[in-house]
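Enquirer: For reference, the sequence and a predicted model appear below.
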Amino acid sequence: MKAAIQKLLQKYPELSSCVPDIEKAFDILKESFQKGGKVLLCGNGGSAADCDHIVGELMKGFLLKRPIDAAFKKKLEKVAPNDAAYIAEYLQGALPAISLVSHSAFLSAFSNDVSPDLVFAQQVFGYGKEGDVTIGLSTSGNSDNVIYALQVARAKGLKTIGLTGRSGGAMSEICDVTIKVPRDLTPDIQELHLPIYHTLCILLEEEFFGK
């Protein structure tokens, strides 16, 4: 952890105030993955794109190779003897994560038929299990649809992590950990969210696939 955090601070020294919360977020995510949990992510606009980006780093190799284990290879050989070698060569270890912003059919149906500001909350209610984690990204910390999702997450026993700007907004009162970057304008905040979640993904990959 020390090396990844030092590298982050070398590039972005203004994030030194965020380090304790980055470490807390890592601990929450590590514990969830260790116990078979998953991560649900939500945000709007650029933060929605960040949700997809985070899933891309968690669900496949990022900086390390993630070969599947021998036991699963044997199972593949039993069910797919002709294809097992190919599948096993290219499958990669994954840390399960779901971007709640990417299900276009559901999002349009629920927004039209029910309530647009509950599209993330409904998915947290449907997917979330106790021990999972919900990550909400909002530069203001006040996005209603993200707040509703985090409230449902807490009611279901999920841990909650927020990435916001300086003030933290309402999310700072809801999340177990709120990483508040010391910026005020939306594009500036989003520029600092990226290196933070990259660092978290690096730390998690090293924890689960670096040994």
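Expert: On my side now, so go ahead.
Enquirer: tell me what the longest helix along the chain is packed against?
Expert: Longest helix in the chain, counting residues (DSSP state H): helix 186-209. Packed against helix 186-209 by the contact rule (3 or more Cβ pairs under 8 Å, 6 or more residues apart in numbering; DSSP states H and E) you find helix 2-11, helix 19-34, helix 46-58, strand 159-164. In short, each C-beta sits where N, CA and C put it, glycine included.
Enquirer: And the pLDDT for the residue nearest to residue 66 when sequence neighbours are not counted?
Expert: Nearest residue to residue 66, sequence neighbours excluded (Cβ to Cβ, 6 or more residues apart in numbering): residue 93, at 3.4 Å. pLDDT, residue 93: 97.
Enquirer: Let's verify residue 15: helix, strand, or coil?
Expert: Assigned with DSSP: H, G, I helix; E, B strand; the rest coil, residue 15 falls in the helix class.
Enquirer: how about it, what does it touch?
Expert: 8-9, 22, 181-182, 192, 195-196 (Cβ atoms under 8 Å, 6 or more residues apart in numbering).
Enquirer: Write the PyMOL selection for whichever of the residues you listed are buried.
Expert: A single PyMOL command is used to select the members of the contacts of residue 15 judged buried by 16 or more other Cβ atoms under 10 Å:
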select buried, resi 8+9+22+181+192+195+196
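Enquirer: Tabulate the contacts of residue 15 (JSON lines), appending distance to residue 62.
Expert: Formatted as JSON lines, those follow (distance: Cβ to Cβ, whole Å):
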{"residue": "8", "distance to residue 62": "15"}
{"residue": "9", "distance to residue 62": "20"}
{"residue": "22", "distance to residue 62": "17"}
{"residue": "181", "distance to residue 62": "21"}
{"residue": "182", "distance to residue 62": "26"}
{"residue": "192", "distance to residue 62": "19"}
{"residue": "195", "distance to residue 62": "14"}
{"residue": "196", "distance to residue 62": "15"}
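Enquirer: what's the residue lying farthest from the centre of the chain sitting at in phi/psi?
Expert: No residue in the chain sits farther from the centre than residue 82, which is 35.6 Å out by Cα atoms, centre = their mean. The phi/psi pair for residue 82 (degrees, to the nearest 10) reads phi -80, psi -20.
Enquirer: Find me the pLDDT at it, would you?
Expert: 97.
Enquirer: Could you do residue 97 as well?
Expert: On pLDDT, residue 97 comes in at 98.
Enquirer: Kindly provide the distance from it to residue 81.
Expert: Here the criterion is Cβ to Cβ, to the nearest Å. By it, residue 97 lies 31 Å from residue 81.
Enquirer: Looking at these two, which one has more neighbours?
Expert: Higher neighbour count among residue 97 and residue 81: residue 97, with 22 against 9, using other Cβ atoms under 10 Å.
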